[in-house]
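> just the structure for this:
(one chain, ligands or ions: 2)
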Amino acid sequence: METKVAIINNINNDIEYLKEAASIIYDGGLVAFPTETVYGLGANALNEAAVLKIFQAKGRPQDNPLIVHVASKEIDELVEYVPEVAKELMDKFWPGPLTIILNKKDIIPNRTSANLSSVGIRMPNSEIALKLIELSGCPIAAPSANISGRPSPTDVERCIEDLNGKVDYILGGMQSDVGVESTIVDCTVMPPVVLRPGGITLEMLKEICNEITIDKAIQGKPDENLKPKAPGMKYRHYAPKAKLKIIKGNREKTIEKINEIVQNYIDNKKRVAILSTEEFKSKFPLGETISLGSENNLNEVARNLFESLRKCDDIKVDLILCQAFEEKGVGLAIMNRLNKAAGFNIIEV
Ligand code: TXA
Ligand code: MG
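Ligands and ions are numbered 1, 2, ... in the order given. Take a look at the predicted model:
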């Protein structure tokens, strides 16, 4: 398949590209597009055949439901009922990195919801994404625009790397600002439950509804007794090609441990990358450090996380090491992605 790539620098000047992409969506094709979280791979959410193409292009398991993206808060056509708390969350955080799970109406095909009776809805905070949805005249189902299992793309180059030749159109725009996928909140239960942490933190959600809890499977290694409620969270995910290990403990000890492992690998003629914050870079003289940003700015760390994992693949290292972050604020989302990318390979020191 030939993939057309168009970069949108200015919505008004480049509106023809958006119209072209929108008509592809309307006609049942696939379009990758930027959002503030990560790039998405979109199709008409109401068209079963179009949605099937998403699963095929990504190599995505069919039991993993898609998030439906909308351009307005008027979602009565898509869902059975919007509880008061969901309305408050939408008012506060939409457009933005928050997906709300509600009971779906029949207009949402089972293919989109992977046979669940609920559906995840999100209004992205991206001018390009909102315009694309509006012009398409339909809600857009969109998972992250990566090949299944790989780190999500946060810029158009990474989208092209994964999807060129597999989709009809790739729209490029700004680099994704949040860098990790949306927070998912299940509002089919009361009190609501966070199924995936993201840019809207638990602390922020609790300001709207203090009873909101988090799915226990978010922080632990999923197994028979601990099944995540978001089907997608059970898969190995976000994974670079090299093995990733997380080193957890006090700073002095983790630095010592990392340097010891690096020395060991180097002695065996192997290459190691260290995902490090700016503040700690100089503590790792032997390995190849890739900066995640400042220790004091976890939003920056989240923004750089997936791109840093992909950089490790570019330079073909044998092992990646990363110090654990505190699971507070957006740190919860960062650690959730790191744990999954590492397959819960964690060394405590
Ligand atoms: O930020 C985002 O949400 C990005 C951008 C493109 O909007 N999209 C995204 O989609 O991350 P995806 O497909 O990579 O992740 C969707 C997650 C999966 O873990 C899936 O299992 C869960 O949402 N999910 C979708 N619908 C659900 C439902 N009805 N109940 C429970 N989990 C659901
Ligand atoms: Mg994904």
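> CA atoms for contacts and neighbours, from now on please.
Will do.
> flag every residue of the stretch 201-349 of the chain that's near ligand 1.
Taking Cα under 6 Å from any ligand atom as the criterion, the stretch 201-349 of the chain approaches ligand 1 at residues 229-233.
> need those residues in JSON lines (columns: pLDDT).
Supplementary listing: those in JSON lines, determined by pLDDT from 0 to 100:
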{"residue": "K229", "pLDDT": "85"}
{"residue": "A230", "pLDDT": "84"}
{"residue": "P231", "pLDDT": "84"}
{"residue": "G232", "pLDDT": "80"}
{"residue": "M233", "pLDDT": "78"}
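> just the buried ones out of the residues you listed, please.
In those, burial by neighbour count holds for 229-230, 232-233, counting by 16 or more other Cα atoms under 10 Å.
> ok, the closest residue to I147 other than its chain neighbours - contacts?
Excluding the flanking residues, the one nearest I147 by Cα to Cα, 6 or more residues apart in numbering is K58, at 4.5 Å. For K58, the contact set (Cα atoms under 8 Å, 6 or more residues apart in numbering) comprises 145-148, 163.
> tell me the domain ranges of this protein?
Using automatic domain parsing, the domain ranges for the chain come out as 4-218, 243-348.
> from A242, how far out is the most far-flung residue of the chain relative to its centre?
The centre of the chain is farthest from one residue, D267, which by Cα atoms, centre = their mean lies 36.3 Å away. Noted for D267: a distance of 18 Å to A242, by Cα to Cα, to the nearest Å.
> and M90, by the same measure?
Applying Cα to Cα, the value for M90 to A242 is 39 Å.
> swap in C209?
As defined by Cα to Cα, C209 lies at a distance of 40 Å from A242.
> helices and strands around whichever strand or helix holds I24, which ones?
Element membership of I24 [criterion: DSSP states H and E] is helix 15-26. Helix 15-26 is packed against strand 31-33, strand 40-44, helix 127-136, with contacts defined by 3 or more Cα pairs under 8 Å, 6 or more residues apart in numbering; DSSP states H and E.
> show me where the stretch 201-349 of the chain has helices.
Counting by DSSP state H, counting those that start in this stretch, the stretch 201-349 of the chain has these helices, from start to end: 202-208, 251-267, 298-314, 331-341.
> what about the ones you listed, which gets the closest to D223?
Go through those one by one with Cα to Cα and the one that ends up closest to D223 is helix 331-341, at 13.0 Å.
> pull that closest one out as CSV, backbone CA atoms only.
The C-alpha coordinates for helix 331-341 follow below in CSV (Å, rounded to 0.1, in the frame of the first residue of the first chain):
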residue,chain,number,x,y,z
GLY,A,331,5.4,9.2,38.1
LEU,A,332,2.7,6.6,38.4
ALA,A,333,2.2,6.5,34.6
ILE,A,334,6.0,6.6,34.0
MET,A,335,6.6,3.6,36.3
ASN,A,336,3.6,1.7,34.8
ARG,A,337,5.1,2.1,31.3
LEU,A,338,8.6,1.3,32.5
ASN,A,339,7.5,-1.8,34.4
LYS,A,340,5.7,-3.1,31.4
ALA,A,341,8.5,-2.3,29.0
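> quick revisit: of the contacts of K58, closest to ligand 1?
A145 (6.9 Å; Cα to the nearest ligand atom).
> quick one: contacts for the closest one?
The contact partners of A145, by Cα under 8 Å, 6+ apart, come to 32, 38-41, 58, 152-153, 159, 162-163.
> and I266, by the same measure?
By Cα under 8 Å, 6+ apart, the contact list for I266 reads V272.
> which pLDDT value goes with it?
The per-residue pLDDT reported for I266 equals 96.
> swap in Y235?
Value listed for Y235 in the pLDDT field: 72.
> contacts only, for it.
Taking Cα under 8 Å, 6+ apart as the definition of contact, the neighbours of Y235 are G149.
> can you tell me which of the domains of the chain is packed in deepest?
domain 4-218 (a mean of 21; mean count of other Cα atoms under 10 Å).
> circling back to that earlier point, closest one to G120 among the helices of the stretch 201-349 of the chain?
Nearest to G120 among the helices of the stretch 201-349 of the chain is helix 202-208 (16.8 Å), distances taken as Cα to Cα.
> work out the gap between the closest one and the centre of the chain.
The chain centroid and the centroid of helix 202-208 are separated by 20 Å, computed with Cα atoms, centre = their mean, to the nearest Å.
> contacts for that helix?
Contacting residues not belonging to helix 202-208 are listed as 85, 88-89, 194, 212, 214, 329 [Cα under 8 Å, 6+ apart].
> of the residues you listed, closest to E260?
Looking at the contacts of helix 202-208 and their distance to E260, the nearest is G329, at 30.7 Å (Cα to Cα).
> bridged to E348, which residues?
K248 (DSSP bridges).
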